[in-house]
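Participant: need coordinates for the following:
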Amino acid sequence: MAHLRVIVVLALRNLRRQLRRTLLTCLAMIIGGALLMFSLTLGDGTHEEWIESGVRMGSGHVTIESPEFRSSRRIEDRLSETARQATERVLASAGIAEQVQTVSPKLVITGLASSAAGARPVQVMGVEPRAESSFSTLDDQLVEGRYLESDDRLAAYVGIGLVESLSLRLGSRLVVTAQDADKEIAGQLLRVVGIFRTGVSAIDQTLIHIPLETAGEWLGSGGDVTNLGIIVEDSSAVSGLVVRLKHALAEPIGDGTTIVMDWREAMPQLSAAVAIDDFGNYLVYGILFIIIGFGIVNTVLMSVMHRYREFGVLQALGLTPGQTGGLVLVEGLVLTAVSAVIGIGLGIFVTWYFFGDGLDFSALMDEEMTFAGVVIDPVIIPLFRTTRIIQALAFILSIGVLASVYPAILAAKIDVTEAMKFDR
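Facilitator: Below is the predicted model:
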């Protein structure tokens, strides 16, 4: 411990002695750390927005359904009312209910919508209006009319693209036809009570929301559903919830009647989009800090080159080659640690203080933009996560240590005899 204390004191003295060089290197690292935190928080906020929009328009952060439904999309591959009720009891149980924000049961079927103007393939989604209002953002994307209500029976909430292609308007009637639970073709008359626009043409031209009770009567499925969608507060909590649900539903999962999937499995395109964007960000961060790393190498290496005689004297006084290298390594580590803490703290403060309410990129978007089937919100709110701060700190410290290794090895290899002859 005494030797370590001496090494730390000598390292601090040298950094103070070469104050201008130390401050310039620190400044580069502080700016790099601040930019890193700004980029990470903004990137995490962007990804959370993509995920939030995607899961609310899709099947949720977590979906519970029949194993075959995802590939077949057939009504035969549905959860029975008994399985649904058992699952809902699990979701309401202690330890799980606290993590669940919203649960929405759905009965999804592919069919045909027709009017006097023609017919179009559609996806009919039977929902519980109150639960779906909390689950989805579709009711907020109203163009005309209203969203479904609990006492509706023959009501339909229809996308603007389908309305235009079938020449519909509020109050218009249309017929949806699909295969029912008995594998017979069944039709249902509906009346348009609301029209929505998401900005995603594939959704606006095909999606119809109807009450779950109406769908059950029409298709002869009663209280059965094709899936239960679950929304949580933060996507980072999804993995833990999936583990708990798999444990609680071990029996139906083991029987092959139920499967629990997170949003990555249910929406692979969105997952791939987030992963690709993350990779691009990490590549930029890597290049930035490789450049900063060379700055650290330069600072520490120049320190070694100008201190041959000093190192020789220290070794003559009893410092071992390993301790000499450790001295140089500590200098680089202290330089990096101080800069990292200041840079990350500065990045968090500036991002929170100036951009905490979000950055509006609407001026860069002429119209609604979509990515991986998700409408991109032009206002991005930075997301601050403790894990990201720890990762950023560890990353910068790793760069500092790696950049100090070569100068430390060089210092450890100094020949005492030659060093004592060295004169600046």
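
Participant: from Arg20, how far off is Met302?
Facilitator: Computed with C-beta to C-beta, to the nearest Å, the distance linking Met302 and Arg20 is 12 Å. All C-beta spots, glycine's among them, are computed from the backbone N, C-alpha and C.

Participant: the more surrounded of the two?
Facilitator: Higher neighbour count among Met302 and Arg20: Met302, with 13 against 7, using other C-beta atoms under 10 Å.

Participant: number of nearby residues for the spatially closest residue to Ile230 that is not a sequence neighbour?
Facilitator: Counting by C-beta to C-beta, 6 or more residues apart in numbering, Ile230 lies nearest to Val62, which is 4.2 Å off, once chain neighbours are set aside. Using other C-beta under 10 Å, Val62 has 27 other residues around it.

Participant: show me the contacts for the spatially closest residue to Gly220 that is not a sequence neighbour.
Facilitator: Take Gly220 and drop its neighbours on the chain: the residue closest to it by C-beta to C-beta, 6+ apart is Ala181, 4.3 Å away. Contact analysis of Ala181 by C-beta atoms under 8 Å, 6 or more residues apart in numbering lists Ile75, Glu76, Leu219, Gly220, Ser221, Asp224.

Participant: next up, the contacts around the last one.
Facilitator: When contacts are counted by C-beta under 8 Å, 6+ apart, Asp224 is found next to Arg78, Leu79, Ser80, Glu81, Arg84, Leu107, Ala181, Gly216.

Participant: mind putting those into CSV with distance to Ser404 and secondary structure?
Facilitator: Below are those laid out as CSV (distance: C-beta to C-beta, whole Å; DSSP: H, G, I helix; E, B strand; the rest coil):
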residue, distance to Ser404, secondary structure
Arg78, 61, coil
Leu79, 58, strand
Ser80, 64, coil
Glu81, 65, helix
Arg84, 60, helix
Leu107, 62, strand
Ala181, 69, coil
Gly216, 68, helix
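
Participant: just the buried members of these?
Facilitator: Arg78, Leu79, Arg84, Leu107, Ala181, Gly216 (16 or more other C-beta atoms under 10 Å).

Participant: can you pull the phi/psi pair for the fifth one?
Facilitator: Backbone dihedrals for Ala181, given as degrees, to the nearest 10, come out at phi -60, psi -20.

Participant: buried residues in the host helix or strand of Ala403?
Facilitator: If you go by DSSP states H and E, Ala403 is part of helix 386-412. Of all the residues in helix 386-412, those buried under the rule 16+ other C-beta under 10 Å are 388-389, 392-393, 395-397, 399-404, 407-408, 410-412.

Participant: now stretch 150-157
Facilitator: For stretch 150-157, by 16+ other C-beta under 10 Å, it's Asp152, Ala155, Ala156, Tyr157.

Participant: OK, contacts around the spatially closest residue to Arg21 that is not a sequence neighbour?
Facilitator: Excluding the flanking residues, the one nearest Arg21 by C-beta to C-beta, 6+ apart is Thr299, at 5.6 Å. Thr299 makes contacts with Gln18, Arg21, Thr22, Leu24, Thr25, Leu335, as judged by C-beta under 8 Å, 6+ apart.

Participant: how much space separates Thr299 from Ile287?
Facilitator: 20 Å.

Participant: same thing with Ser115?
Facilitator: When distance is defined by C-beta to C-beta, Ser115 is 56 Å away from Ile287.

Participant: any idea how far Ala412 is from Leu317?
Facilitator: According to C-beta to C-beta, Leu317 and Ala412 sit 16 Å apart.

Participant: ok, now Glu76?
Facilitator: From Glu76 across to Ala412, the span is 72 Å (C-beta to C-beta).

Participant: Asp204 touches Val158, doesn't it?
Facilitator: No - contact criterion C-beta atoms under 8 Å: Asp204 and Val158 do not qualify, at 9.2 Å.

Participant: what is in contact with the two at once?
Facilitator: Phe196.
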